[in-house]
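**Q** Sequence and predicted structure are below.
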Amino acid sequence: MFGLRAWPTPIVKPLWPFMIGSALTFAGVWKLQNVALQSEEARNDPKNPFAKTAKSGGH
Amino acid sequence: MPQLQAFYFVNQITFALVALFTITYVMSVYVLPYFVQLFVTRVYITKL
């Protein structure tokens, strides 16, 4: 009887603006990352994990 | 500083949002109502 049961707390009803904001933020960060990765500095960075697999970091 | 390098931004935001919503969900569905029930029970007991 005592312990952690699940309660019918409303989640979407109070939090939907934050969910929409999170989705917009995520899309914005995705776009920002794409733009930043196109820059010359990132393209030539040896630490870039998105470098073409032709030159894979030989271990 | 790796957190400031653009390669990892999406990874960081994904992890942060997943953690945020998971913590909010678990706290609001399981943890906090448990304490509400406890305090309400104490009020009822003392007013019997």
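**A** The structure has been received and is ready for your questions.
**Q** drop to CA atoms for contacts and neighbour counts, all remaining ones
**A** Will do.
**Q** Dihedrals phi and psi, residue A:47?
**A** Main-chain dihedrals, residue A:47, degrees, to the nearest 10: phi -90, psi 0.
**Q** if I pick it, what's in contact with it?
**A** Counting by C-alpha atoms under 8 Å, 6 or more residues apart in numbering or on different chains, residue A:47 makes contact with nothing.
**Q** same question, residue B:9
**A** With contact taken as C-alpha under 8 Å, 6+ apart, residue B:9 is in contact with A:29, A:30, A:33, B:3.
**Q** okay, the first one: pLDDT?
**A** Listed pLDDT for residue A:29 reads 92.
**Q** where's it, which helix or strand?
**A** helix A:12-37 (DSSP states H and E).
**Q** Is any residue of that helix near chain B?
**A** Yes. Helix A:12-37 lies within reach of chain B by C-alpha under 8 Å from any C-alpha of the partner chain, at A:22, A:26, A:29, A:30, A:33, A:36, A:37.
**Q** Tell me where the model's unsure across the chain.
**A** This is for chain A. Low-confidence segments of chain A (pLDDT under 70): A:1-3, A:52-59.
**Q** Please refer instead to chain B.
**A** Residues of chain B that meet the cut-off, pLDDT under 70, sit at B:6.
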